[in-house]
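K.L.:
got a sequence here, can you model it:
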Amino acid sequence: MVAALAVPAFAPAGAGAQPPDREATVTPSAPAAWTGPAEVGHNEGYDPTSGLPCGDTAADRCDETLLHVDAGDFYATSGGGVEIGISGYSAGADFDLYVYRSDAAGSRGELVAASAGVAGVFENVAIPDADGDYLVRVIYWDVDPAESYDANAAFFRRAKDPPVVDDPAGLPDALASDPARGIKSHSEPHIAQNPTKAGMLVAGSKMYDTDRDSLAEYEFKIGTYVSFDHGRHWTDLGQLNTCPQEQAPPSTWPLGNTCYPANDPALAGTGPEDATDGRPDGDYGEEYTTSDVWVDFDDEGNAYAMVLDDPGFPSGAGWGMSFHRWSSVSRFDVQRGRTWSNRIPINAYPSPPEQDELLDDKNTFAVNNAGKDHDGKTGIIVACWTRNEPFTEERGPQEIVCERSTDGGRTWPGTPQAASPPEQRLVIGVDVVADKRDDHTFYLVWNDYFSGLVSGSGTNTMQVAKSTDGGLTWSAPVTAAEFVPLPNVFPRESFRNLSLPIMDVDRNGKLYLTYSDYNPATAGTPDADGLQADVKLVTSVDGGMTWGAPVKVNQDETNADQFQPYVRVAPNGQVNVSYFDRRMDAPDPPTHPGNFFIDTFLSRSDDGGATFTDERVSHEMWDPTVNPPISPSGQFIGDYQGLVADDCVANPFVNDTHLAKNSDPDPGFDAGKPASPYQEVFTWLVWSPRAFELGPSDCLGTPVPPRERLGVRARAARRAATARATRATRRVLARAAAS
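P.N.:
Okay, the predicted model is just below:
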């Protein structure tokens, strides 16, 4: 069975506390609706975990509704829940929506759902199996002039469990994370491949603390993994550079600590959300979080990891950037427990004013490996991120900034330099890639969502810039694509979405950029909001100066959503794009709307991204509502996933919850794997049909079954190659599972 999350005590009302502004009741046959007051609000300091501030002035505007949910026997024969949404305000108004468990008096309990998009976005959340009392808070985050909002709550149905679909069957997976470590969940995985030893992989992900309330309070550090056999077997290395608390006391933050203080599950944290915890307080390690890991290799065999670094200052801001090296990755290092280096600050905010005003987010880095391998030299490393900063007439509140290292990440002597122009005031999701031919050329891509807000079009643009001096300066950005961003939360879901770009460059300098676009749904097919997400790809053959028309990557003709794509181009030019996909979850009206449970798919192109073929990678759909972390902007399954690819094999690297299913594991795929009620991290070995064109080779340490070269019978041969690749992968992993 799926483990239930601990529910903390309800927060005391406190002296002078006011009752909720209103009460409403929703039943399966009677939706609820209400309207919030037209007021001005600037409650930009609201902390959804502590629930503060919440009042009736412009500085702390917070409108409360006590929602009574009477489910009756609704869930006896069906899954489902209650969807709550707010709408009816202008493009300039920014409301946020938070839902807490409650008692009949309206006391605030744990946060169960959140939606906090940008201005003008209508917010919605879905609460699975909802029953009882909930406190619905609408935060007037930035509403000026005064505006009101319209709210509604209604029941919806869906299947209780993911449907079993065996055609196509998918592939066996390899479990990278180790449930025995007691980590609550994993998300935002990233993976890198040694460019000179293809079987050597390092990876990382968020790992939520062993503390009982880490998911509800959204508290985590970074964990890492390593494989030396192309992803067939993995070692979970645990949390990155974590040390006993006494080795990293608060007096050393943010520049003096060389490691990250571990949390102590026996103690309560030191944040305002821990006031009613019941355990002795003092666990400051719980408040220190690291996030958004990005990993890469150089061509000397060294691995690197970059993380967001948050010492948990009282303001909640001050996030910086830190770096770690693993010199000459080897099995012997793992055996000795000597892997990642101590923390190397890239950027930190040492003073309280900086900590209050500045915050780094959504980081990426790349190592330039152009030139000769194993020559004793590591190429330039460029690290970039989104910096949140005060709004001025000249710039802000967001910009893309970069720093660089010329000594293998040991030092970062510069200061963050802006790469995005001042007129692009709202930017996020930067990705940096290094050219494979020139050791000083790098490319940047980011999502600019400011122009669409100003124009009212609602569209975003992907912006690409180039550096030819090793990241010292950047060209003026070029618009690579215009698209409709994904909603903050999909209909009838509660996990958040971000429209983040991912880019790669091949050996000839051709650029490939992938993202998700929200398109009109197909007429006549059931769909909740008339829109559906497709993965798109655009390419450039002139260094990013001009871009071709978007190509649809996923080849289904359904209204299912495809999202969180990642692209990697193999040395032989094959384009690989992996992504989350819900096409196998077909609608079954009226009991199940479909497009809810999630698979992983991989699409490949052998003609430079002009056309694609799809392959189902996962063998089982998974449920995103199983014990998710609760972020301030929604339930969390991650904003991105990972992928590496070479001429023989692609390795998608993702988190999912399929080991939490109530039925017995599928013996053909999951034999020997432990059950887990949380998000775990998996990879697959997806053979490339081109591996069979090459004749005998040594892709995985054992000969690849030879077959005739593809020739005039290309279509039939490719189908046969794909089938053989699938069977070969199953045989390899079956032997690995038995070893």
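
K.L.:
helices of the stretch 551-700 of the chain, start to end?
P.N.:
Using DSSP state H, counting those that start in this stretch, the helices of the stretch 551-700 of the chain run over residues 690-693.

K.L.:
show me where it has strands.
P.N.:
Taking DSSP state E, counting those that start in this stretch as the criterion, the stretch 551-700 of the chain carries its strands at 551-552, 562-569, 575-581, 599-605, 613-616, 630-631, 634-635, 642-645, 649-656, 680-683, 686-687.

K.L.:
same check, this time on the stretch 1-150 of the chain
P.N.:
Under DSSP E, counting those that start in this stretch, the stretch 1-150 of the chain gives strands at 22-26, 32-35, 39-41, 62-69, 79-87, 94-102, 108-115, 123-128, 132-147, 150-158.

K.L.:
what's the second one in contact with?
P.N.:
Just to be clear, that refers to strand 32-35. Contact with strand 32-35 is made by 22, 24-26, 65, 67, 88, 148-154, as judged by C-beta atoms under 8 Å, 6 or more residues apart in numbering. Using the backbone N, CA and C atoms, a C-beta is placed for each residue, glycine as well.

K.L.:
which among the residues you listed end up buried?
P.N.:
Buried members of these, scored by 16 or more other C-beta atoms under 10 Å, are 24, 26, 65, 67, 148-149, 151-153.

K.L.:
which strands border the strand or helix carrying Tyr304, and is each parallel or antiparallel?
P.N.:
Take DSSP states H and E as the rule and Tyr304 turns out to sit in strand 303-310. As defined by DSSP bridges, the strand partners of strand 303-310 come to strand 289-297 (antiparallel), strand 320-326 (antiparallel).

K.L.:
show me the contacts for Met321.
P.N.:
Met321 neighbours (C-beta under 8 Å, 6+ apart): 306-309, 345-348, 360, 363, 383, 385, 403.

K.L.:
quick check: of those residues, which lies closest to Leu215?
P.N.:
Within these, the smallest distance to Leu215 is 18.6 Å, found for Leu308 (C-beta to C-beta).

K.L.:
look up how far Ser499 lies from the closest residue to that closest one other than its chain neighbours.
P.N.:
Nearest residue to Leu308, sequence neighbours excluded (C-beta to C-beta, 6 or more residues apart in numbering): Ser291, at 4.2 Å. Distance, Ser291 to Ser499, by C-beta to C-beta, to the nearest Å: 19 Å.

K.L.:
the two: who's more crowded?
P.N.:
The residue with more neighbours, out of Ser291 and Ser499, is Ser499; 23 against 19, by other C-beta atoms under 10 Å.

K.L.:
so who does the closest residue to that one other than its chain neighbours touch?
P.N.:
Among residues not flanking Ser499 along the chain, Pro485 sits closest, at 4.1 Å (C-beta to C-beta, 6+ apart). Residues counted as contacts of Pro485 (C-beta under 8 Å, 6+ apart) are 447, 449, 452, 458-460, 499, 518.

K.L.:
then Asn388?
P.N.:
Per C-beta under 8 Å, 6+ apart, neighbours of Asn388: 317, 358-361, 397-398.

K.L.:
could you flag which of those are buried?
P.N.:
Buried among the contacts of Asn388 (16+ other C-beta under 10 Å): 317, 358-361, 398.

K.L.:
next step: the residues you listed restricted to strands.
P.N.:
The strands, defined by DSSP state E, take in 359-361, 398 from these.

K.L.:
grab the two from those that are most spread out in space.
P.N.:
Comparing the members of these, the greatest separation, given C-beta to C-beta, is between Asp360 and Gln398, at 10.8 Å.

K.L.:
got any residues that touch both of those two?
P.N.:
Common neighbours of Asp360 and Gln398 (C-beta under 8 Å, 6+ apart) are 386-388.

K.L.:
quick one: low-confidence ranges for the stretch 401-550 of the chain?
P.N.:
Along the stretch 401-550 of the chain, no part satisfies pLDDT under 70.

K.L.:
residues in contact with stretch 447-454?
P.N.:
Against stretch 447-454 from outside (C-beta under 8 Å, 6+ apart): 91, 118-120, 420, 423-429, 457-463, 477, 485, 499-501, 515.

K.L.:
only whichever of those are buried, select them in PyMOL.
P.N.:
Buried residues within those, by 16+ other C-beta under 10 Å, are selected in PyMOL with:
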select buried, resi 118+119+120+420+424+425+426+427+428+429+459+460+461+462+463+477+485+499+500+501+515
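
K.L.:
please flag which of the contacts of stretch 447-454 sit within helices.
P.N.:
Using DSSP state H, the subset of these located in helices is empty.

K.L.:
which of the contacts of stretch 447-454 fall in strands?
P.N.:
427-429, 460-463, 515.

K.L.:
can I get those in TSV with distance to Pro250?
P.N.:
TSV is the format used below for the ones in strands among the contacts of stretch 447-454 (distance: C-beta to C-beta, whole Å):
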residue	distance to Pro250
Val427	32
Ile428	30
Gly429	32
Asn460	39
Thr461	42
Met462	40
Gln463	39
Tyr515	40
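
K.L.:
for Arg604, state which of the contacts of Pro485 is nearest.
P.N.:
Using C-beta to C-beta, the contacts of Pro485 come closest to Arg604 at Ser499, 23.1 Å.

K.L.:
which residue, neighbours along the chain excluded, lies closest to Asp274?
P.N.:
Ala268 (4.4 Å).

K.L.:
distance of Ile344 relative to Arg410?
P.N.:
Taking C-beta to C-beta, one finds Ile344 at 7 Å from Arg410.

K.L.:
the two: which is more packed in?
P.N.:
Higher neighbour count among Ile344 and Arg410: Ile344, with 19 against 13, using other C-beta under 10 Å.

K.L.:
list the contacts of that one.
P.N.:
322-325, 409-412.

K.L.:
report the contact partners of Pro501.
P.N.:
Counting by C-beta under 8 Å, 6+ apart, Pro501 has contacts 429, 431, 445-447, 462, 513-515.

K.L.:
what's around the nearest residue to Ile381 once chain neighbours are set aside, how many residues?
P.N.:
Spatial nearest neighbour of Ile381, chain neighbours left out: Ser405 (4.5 Å); criterion: C-beta to C-beta, 6+ apart. By other C-beta under 10 Å, the residues close to Ser405 number 23.

K.L.:
so how far is Gly120 from Ser90?
P.N.:
7 Å.

K.L.:
any chance of TSV for the contacts of Pro485, columns distance to Gly376?
P.N.:
As requested, the contacts of Pro485 are exported to TSV (distance: C-beta to C-beta, whole Å):
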residue	distance to Gly376
Asn447	38
Tyr449	43
Gly452	48
Gly458	52
Thr459	48
Asn460	43
Ser499	41
Tyr518	48
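
K.L.:
nearest to Glu393, of these?
P.N.:
Using C-beta to C-beta, Tyr449 is the member of the contacts of Pro485 that lies nearest Glu393, at 20.3 Å.

K.L.:
does Ile183 touch Pro677 like I think?
P.N.:
No. The criterion here is C-beta atoms under 8 Å, and Ile183 misses it with Pro677 at 11.7 Å.

K.L.:
between those two, who's got more neighbours?
P.N.:
Ile183 (26 against 18).

K.L.:
wasn't that one part of a strand?
P.N.:
No. Counting by DSSP: H, G, I helix; E, B strand; the rest coil, Ile183 falls outside a strand, being coil.

K.L.:
find the nearest non-adjacent residue to it, please.
P.N.:
Counting by C-beta to C-beta, 6+ apart, the residue nearest Ile183 is Met207, at 4.7 Å.

K.L.:
coming back round to it: for the ones in strands among the contacts of stretch 447-454, which one is nearest Ile222?
P.N.:
Of the ones in strands among the contacts of stretch 447-454, the one sitting nearest to Ile222 (C-beta to C-beta) turns out to be Gly429, at 19.0 Å.

K.L.:
ok, now which ones touch that closest one?
P.N.:
Counting by C-beta under 8 Å, 6+ apart, Gly429 touches 362, 386, 446-447, 498-501, 639.

K.L.:
ok, 10 Å please
P.N.:
361-362, 364, 386, 400, 445-449, 460, 462, 498-502, 515, 639-640 (C-beta atoms under 10 Å, 6 or more residues apart in numbering).
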